[in-house]
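Enquirer: Sequence below, structure please.
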Amino acid sequence: MNAAVATPVTRDALLAQMRQIVGSSHVLTDEQATRRFRKGHRTGEGNVLAVVRPGSLLEQWRILQAAVAADRIVIMQAANTGLTGGSTPDGADYDREIVLISTLRITGVQLINDGQQVVCLPGATLDRLEQALAPLNREPHSVIGSSCIGASVLGGICNNSGGALVRRGPAYTELALYAQVKDDGSLQLVNHLGIELGNTPEEILTRLQNGDYTPQQVRNEDTAKASDARYGEHVRDVDADTPARFNADPSRLFEASGSAGKLCLFAVRLDTFAKEPSTVFYIGSNDPHDLTEVRRHLLAKLPRLPIAGEYIHRTAFDIGEKYGKDTFLVIDKFGTAKVPAAFAMKSRVDGFFERFGLRGVTDKVIQALMNMLPSHLPTRMREYRDRFEHHLLVRVSNDTLEQTRAFLHGYFNSTASGAYFECDAEEGRKAFLHRFAIAGAAIRYREAHRSRVEDILALDIALRRNDRDWVETLPQEMQERIIHKLYYGHFFCHVFHQDYIVRKGNDPIAMEHAMWKLLDERRAEYPAEHNVGHLYVAKPELAGFYRELDPTNTFNPGIGHTSKKKHWGGCC
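Expert: Have a look, this model is predicted:
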């Protein structure tokens, strides 16, 4: 299934060809129109020849053929919700023009095997997948967090995204349909979905788009996996001297999984999971040791793993309460489905004002409105904020409720440093929603306080499973360069998000490199779940995986600080 290698074409000829494939309105070249595609959600920005928005899998294939034949760089993008700039251009030092292919128009979730598995097309979001599975009382790999801001299913697979659900581990599959540029420059479509769809790219893509296959054509006897079934036992090993999950883990790099845009994905096949009745416990303490003991006991001793365990430090609680309020309220009142449209509108308005040198207008206006509103958080949560520095949200399935309740009662009756309460349904829902609203709060703080803030330094790290000293202590001279430190994360997996609001006049890049040295001394792995993007350096195993997938360096060059040059610029 190889496409012939054609002679490269001129810029004008390529634009004309792409317009003929998808229509002029879906080939964007104006700087204002392309802004929200070529500027990262948190970091990264660069120029593109065009942003192309195909409306079908066949159009995506034909655009890809045209771009590869014209010897252009291709960057694949879905929702552009990544935090490390991994699906946007970065800088102006590429050796070829960039065609950015946005796949959001190609929506589609196809239930197979009675809903126990799904096939997701490039524009499928976690939110839409969650809605499709709800009538079956099933749910996807991740159910909140990234799904709040419209993250795509395929983006999660490409990035080995971890999510908050302890039992499921990183997003992973060995079943995918993708295109690859071979070392001779030829373009090949590879069908590893485990579904019989025909022989030619045109037939395969058209039949898949239309759902034109029978249950008998879905192969289930293969050994290929559609989720990471190993993770449950892996995370239980609380005495292991290595992290539970991180992006460069070679055992979780397979074709599409962890590919970081070095392939062009058309579909993935994934497992779904039964939705279970659950209960949330809210724990507060002034001694980190208390949370360590809760984590170790519930992971190792419960008959079934907890569903989730999310950590919030008091400072992150405060910044999230004030600067994540609008995100919380939009999701609380209107649901996650409305959030992507709100982000798109905000990007357009920001782009308009930036043409006049006015940055962060929407953030400042929104924040001024939010400051006028009372707190949106439940009373008991705010009381715990005043009492305790460290907060832990624990969700368990109700078949382990009594064991969890008994342990927490016995443990906190014997210590004065912490306490817990059992949430009602509304408290539990709002506690987890607050946790995920924190993720964007640092960005809002930066935009609202530009005169004081240089930038945000954002890290996501994986500590060793047996590491009891998980609270970070920074050197004094580094502390002085930081206004606020936001610590939050997936505590049971020992994955932490650490956002540092850097004081004006300091170099965030230099600080980040200094942070890496401290993390290396702690034997932490980083990044843990957002992939390297253009912020982190890809370790040799990961860079080798990228080069194996993309020997000509056509897709997403420069990822993980690798070469941006064609054929990797002769780099090893």
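Enquirer: now the protein, which segments are flagged as low pLDDT?
Expert: 1-8, 144-149, 336-340, 343, 570-572 (pLDDT under 70).
Enquirer: Which parts of the stretch 1-150 of the chain are strands?
Expert: In the stretch 1-150 of the chain, the strands defined using DSSP state E, counting those that start in this stretch lie at 2-3, 27-28, 50-52, 73-77, 98-102, 109-112, 117-120, 138-139.
Enquirer: again with the stretch 251-400 of the chain
Expert: For the stretch 251-400 of the chain, the strands defined by DSSP E, counting those that start in this stretch occupy 264-271, 273-274, 278-285, 308-313, 390-397.
Enquirer: Compare those strands and give me the one nearest Leu459.
Expert: strand 308-313 (14.2 Å; C-beta to C-beta). Where you see a C-beta, it was placed from the backbone N, CA and C, and this is true even at glycine.
Enquirer: follow-up on the earlier one: can you put the strands of the stretch 1-150 of the chain in TSV and add mean neighbour count and distance to Gln479?
Expert: Below are the strands of the stretch 1-150 of the chain laid out as TSV (neighbours: other C-beta atoms under 10 Å; distance: least, C-beta to C-beta, whole Å):
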stretch	mean neighbour count	distance to Gln479
strand 2-3	14	56
strand 27-28	22	44
strand 50-52	26	42
strand 73-77	24	37
strand 98-102	24	40
strand 109-112	19	47
strand 117-120	24	44
strand 138-139	19	41
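Enquirer: okay if I get these as TSV plus distance to Thr34?
Expert: Listed next are the strands of the stretch 1-150 of the chain as TSV, based on distance: least, C-beta to C-beta, whole Å:
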stretch	distance to Thr34
strand 2-3	27
strand 27-28	5
strand 50-52	5
strand 73-77	11
strand 98-102	8
strand 109-112	28
strand 117-120	26
strand 138-139	35
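Enquirer: List the contacts of Trp151.
Expert: Not quite, residue 151 is Ala, not Trp. Ala78, Ala79, Thr81, Thr125, Leu126, Ser161 (C-beta atoms under 8 Å, 6 or more residues apart in numbering).
Enquirer: would you list the residues you listed in TSV and tack on neighbour count and distance to Glu354?
Expert: TSV is the format used below for these (neighbours: other C-beta atoms under 10 Å; distance: C-beta to C-beta, whole Å):
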residue	neighbour count	distance to Glu354
Ala78	26	24
Ala79	24	22
Thr81	24	20
Thr125	28	27
Leu126	31	30
Ser161	23	30
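Enquirer: of all these, which comes closest to Thr200?
Expert: Nearest to Thr200 among these, with distances taken as C-beta to C-beta, is Ala78, at 25.5 Å.
Enquirer: What separation do you get for the residue of the chain most remote from its centre and Asp287?
Expert: No residue in the chain sits farther from the centre than Ser414, which is 39.2 Å out by C-alpha atoms, centre = their mean. To Asp287, Ser414 is 12 Å away according to C-beta to C-beta, to the nearest Å.
Enquirer: try Thr362
Expert: 41 Å.
Enquirer: now swap in Arg296 and tell me
Expert: 15 Å.
Enquirer: cool, Arg295 as well?
Expert: Taking C-beta to C-beta, one finds Arg295 at 13 Å from Asp287.
Enquirer: Please say which of the two ends up with more neighbours.
Expert: Comparing Arg295 with Asp287 by other C-beta atoms under 10 Å, the one with more neighbours is Arg295, at 23 against 15.
Enquirer: who's in contact with the more buried one?
Expert: By C-beta under 8 Å, 6+ apart, the neighbours of Arg295 are Val238, Gly309, Phe491, Phe492.
Enquirer: Most neighbours of all those, which one?
Expert: Counting by other C-beta under 10 Å, top hit in these: Phe492 with 29 neighbours.
Enquirer: Look up phi and psi at that one.
Expert: Note on Phe492: its backbone torsions stand at phi -70, psi -30 [degrees, to the nearest 10].
Enquirer: mind listing the helices for the stretch 251-400 of the chain?
Expert: Assigned by DSSP state H, counting those that start in this stretch, the stretch 251-400 of the chain shows helices spanning 288-301, 314-323, 325-334, 339-354, 361-370, 379-387.
Enquirer: Highest mean neighbour count across the ones you listed, which stretch is it?
Expert: Across those, averaging neighbours per residue (mean count of other C-beta atoms under 10 Å) puts helix 314-323 on top, at a mean of 21.
Enquirer: elements contacting that helix?
Expert: Other helices and strands packing on helix 314-323, by 3 or more C-beta pairs under 8 Å, 6 or more residues apart in numbering; DSSP states H and E, are helix 361-370, helix 379-387, strand 390-397, helix 425-437, helix 441-448, strand 482-490.
Enquirer: part of a strand, is Lys564?
Expert: No. According to DSSP: H, G, I helix; E, B strand; the rest coil, Lys564 belongs to no strand; its state is coil.
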